[in-house]
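S.K.: this is the structure alone, sequence omitted:
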Ligand SMILES: Nc1ncnc2c1ncn2[C@@H]1O[C@H](COP(=O)(O)OP(=O)(O)OP(=O)(O)O)[C@@H](O)[C@H]1O
């Protein structure tokens with residue numbers, strides 16, 4: 001499902017002395033079936049932006065087309081899109097509240113009036129997608145580990161089968177293994193269902209590994225929309241000025257290149273691809289592989 005924003009402005013506390021304009025003239029199209037990262041300094045408006053995509057916030061100017069639903073500044077018509085655009089907030093485990101995992105995951109579909117049997121089967125499917133088996137159904141969400149809680153919270157969003165999934169800082173607080181396994185699950189969901197994922201993140205390694213497109217925010221405006229490789233090569237200075245460091249894999253290849261007479265070409269910023277390029281380079285330079 002495509003999302004198009006035209007001349008979108010947003011101010012908190014509009015029309016009051018506390019008015020705070022946070023989004024300024026956003027014009028963007030978010031294509032279907034992509035993994036899109038949203039980055040920028042803290043306070044640049046990323047969370048405010050993504051909350052516009054599922055109707056949680058409405059623009060104070062301009063329009064947002066989510067598929068065939070238009071969101072505009074009109075206090076009489078405020079479409080909610082929670083079933084089409086699923087949102088996983090920062091630290092989603094804080095939003096678990098039912099006494100069992102199954103009840104928590106079933107909460108959204110129940111509110112939408114889905115039949116009980118359908119809710120049950122979809123909830124089990126969602127649990128499977130996030131790697132929680134049926135033994136978790138009757139467990140209290142409050143007794144799970146941090147990573148398991150996060151998976152349960154994500155299942156509560158996936159159960160609605162959204163066309164777009166928004167993850168606001170999905171891996172904060174998880175260890176390296178937890179981060180990777182969560183992101184691999186999200187990648188499987190994206191590939192399996194052919195749906196869009198929008199990730200708000202400060203983690204440039206995560207961005208390099210998973211994003212196909214990047215939107216860079218600066219002071220409530222879209223500074224850039226590009227792909228990760230172009231971001232970290234052509235726009236290197238711009239993003240460093242925003243305090244964003246390139247991914248470790250790219251820094252590694254640059255350090256090596258400073259010492260090599262024939263630099264390794266930077267044609268990817270994914271860690272594994274760069275490792276393979278480096279390995280290839282050394283095999284070629286040792287004469288063990290034809291170039
Ligand atoms: N409910 C609110 N009322 C008033 N101002 C708000 C509200 N929520 C956020 N803001 C302000 O809007 C601006 C953008 O905040 P937002 O959370 O969208 O930024 P962000 O880029 O997501 O930041 P971070 O990376 O720290 O999560 C900030 O100046 C913030 O103080």
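M.R.: Alright, I've got the coordinates. If you're wondering where the values come from, they're calculated on a predicted model, not measured in any experiment.
S.K.: can we go C-alpha only for contacts and neighbour counts from here?
M.R.: OK.
S.K.: residue 24 against residue 9, yeah?
M.R.: Yes. Here residue 24 reaches residue 9: they are 4.7 Å apart, a contact under CA atoms under 8 Å.
S.K.: give me the more crowded residue out of these two.
M.R.: Taking other CA atoms under 10 Å, residue 24 and residue 9 do not tie; residue 9 has more neighbours (23 against 17).
S.K.: residue contacts, the more buried one?
M.R.: Each residue near residue 9 by CA atoms under 8 Å, 6 or more residues apart in numbering is listed here: 21-26, 59-62.
S.K.: now with 6 Å?
M.R.: Applying CA atoms under 6 Å, 6 or more residues apart in numbering, we find residue 9 in contact with 23-25, 59-61.
S.K.: ok, now residue 66?
M.R.: With CA under 6 Å, 6+ apart, residue 66 has these contacts: residue 3.
S.K.: you'd agree residue 24 is in a strand?
M.R.: Yes. Under DSSP: H, G, I helix; E, B strand; the rest coil, residue 24 falls within a strand.
S.K.: check it and give its pLDDT.
M.R.: Residue 24 carries a pLDDT score of 97 in this model.
S.K.: I'd guessed it sits against residue 221; true?
M.R.: Yes. If you go by CA atoms under 6 Å, residue 24 and residue 221 touch, sitting 5.4 Å apart.
S.K.: could you chop the chain up by domain?
M.R.: 3-246, 247-291 (automatic domain parsing).
S.K.: which one of these has the most crowded surroundings?
M.R.: domain 3-246 (a mean of 18; mean count of other CA atoms under 10 Å).
S.K.: ok, so of the contacts of residue 9, who is nearest the ligand?
M.R.: residue 23 (8.2 Å; CA to the nearest ligand atom).
S.K.: nearest spatial neighbour of the closest one, skipping sequence neighbours?
M.R.: Spatially, and ignoring its direct neighbours in sequence, residue 23 is nearest to residue 220 (4.3 Å; CA to CA, 6 or more residues apart in numbering).
S.K.: again, but for residue 205
M.R.: In space, residue 205 is closest to residue 247, 4.7 Å off (CA to CA, 6+ apart).
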